[in-house]
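Peer 1: below are the sequence and a predicted model for it; my questions follow.
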Amino acid sequence: MTGPATATLRLAPATPEQRALHRALVDAASARYRAAGRFAYHFARGKLGIDPLFIDLLRLGVLPREPRVLDLGCGQAVLASWLLAARERFDAGRWPAGWPEPPRVRRLHGLELMPRDVARAGPAFVGEPRVQVEQGDICINRFEPADVITIFDVLHYFGPDRQADVLRRARAALGPGGVLVIRVGDQARGLRFRLSRWVDQAVTFVRGHGFSPMYCRPAAAWAADLRALGFQVQTVPTVDGPPFANTMLVARLTESAAEERT
């Protein structure tokens, strides 16, 4: 099955109000990691503060209102902390007028290969029953049914066959209206791509994962694979933040496509 052509959405640079919200959410989301130690806390602050992915998810209103989220390759689960902080701020009446309502997460299950990342997530979510972070391999572990599946900066560590298998199994785990959000480095973006690849290798090494081979492709190739699986695809190139080649792809599974799952 081949879906419709990919749409590209180019976000405008953040406004001062949006930057202020971003800073407030970084403070709230990273505070949870104080219980996990200095490295976990400062990593969360750096990741959430520098990477525009997280605020872009809120700006776009990508996630449904009360989702079950499966976060593949979740690291220390900063996405979970971010979404909880956004909802708390909304419920307190401190949300920008005109912005989409942030999701009220029913459940977030994170799957992470590296035991040290899982160990850092543990203390951060004590007493938070909606969040579970499990050590496992997304190339092997079964994917539970979900409304949203996220795969950020992970797929390029697998060869093409495993990439295709992860995407097929993600599609199978989503119901009608399900959303798959991935982020990849766009190999077609020249110097920006080479810079982002070098930084990714450096961060991977600092986190104790060593150096790993990468299997990268142009964002257009990723989008074509998602369309072939029956998704409607929207690409969102990064606007703010470091000058990298990061591109978010938001893939939605229509009701008719979900009925054709294999």
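Peer 2: Looks like it arrived, so ask away. A quick note: this is a predicted structure, and the numbers were derived from the prediction, not measured. Numbers count the residues shown, from 1 in each chain.

Peer 1: just the helices in the protein please.
Peer 2: Using DSSP state H, the helices found in the chain span residues 16-31, 38-50, 53-60, 78-91, 115-124, 160-173, 190-206, 219-228, 255-259.

Peer 1: dump those into TSV; add mean neighbour count as well.
Peer 2: Every residue, glycine included, has its C-beta placed from N, CA and C. Supplementary listing: those in TSV, determined by neighbours: other Cβ atoms under 10 Å:
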stretch	mean neighbour count
helix 16-31	17
helix 38-50	18
helix 53-60	21
helix 78-91	22
helix 115-124	19
helix 160-173	17
helix 190-206	15
helix 219-228	20
helix 255-259	13
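
Peer 1: tell me the confidence at Arg19?
Peer 2: Reported pLDDT at Arg19 in the predicted model: 87.

Peer 1: so which of the helices of the chain is nearest Ala97?
Peer 2: For those, proximity to Ala97 was assessed by Cβ to Cβ; helix 16-31 is nearest, at 9.3 Å.

Peer 1: the helices of the chain: which one's closest to Gly136?
Peer 2: In this view, the helices of the chain are compared for proximity to Gly136 by Cβ to Cβ, and helix 115-124 is the closest at 9.0 Å.

Peer 1: just the angle between the closest one and helix 16-31, please?
Peer 2: Orientation note: helix 115-124 sits at an angle of 100 degrees relative to helix 16-31 (axes from the mean of the first three to the mean of the last three Cα atoms, to 10 degrees).

Peer 1: got TSV for the helices of the chain, with distance to Ala146 too?
Peer 2: Shown next, in TSV, are the helices of the chain (distance: least, Cβ to Cβ, whole Å):
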stretch	distance to Ala146
helix 16-31	21
helix 38-50	23
helix 53-60	16
helix 78-91	13
helix 115-124	18
helix 160-173	5
helix 190-206	26
helix 219-228	16
helix 255-259	12
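
Peer 1: out of these, which is closest to Arg183?
Peer 2: Distances from Arg183 to each of the helices of the chain were compared using Cβ to Cβ; the minimum, 6.1 Å, belongs to helix 53-60.

Peer 1: contacts for that closest one next, please.
Peer 2: The set of residues external to helix 53-60 that reach it, using Cβ atoms under 8 Å, 6 or more residues apart in numbering, is 9, 11, 14, 18, 21-22, 25, 48, 63, 78-79, 82, 86, 99-100, 102, 152, 181, 183, 236, 238, 246, 248, 250.

Peer 1: do the same with stretch 78-91
Peer 2: Residues from elsewhere that reach stretch 78-91 (Cβ under 8 Å, 6+ apart): 21, 24-25, 28-30, 32-33, 44, 47-48, 54, 58, 63, 69, 71, 74, 95, 101-105, 108, 110, 124-125, 128, 130-131, 133, 150, 152.

Peer 1: now swap in stretch 114-127 and tell me
Peer 2: The set of residues external to stretch 114-127 that reach it, using Cβ under 8 Å, 6+ apart, is 32-33, 35-37, 39-40, 43, 74-77, 80-81, 110, 112, 131, 133-135, 207-209.

Peer 1: mean confidence for it?
Peer 2: For stretch 114-127, mean pLDDT is 96.
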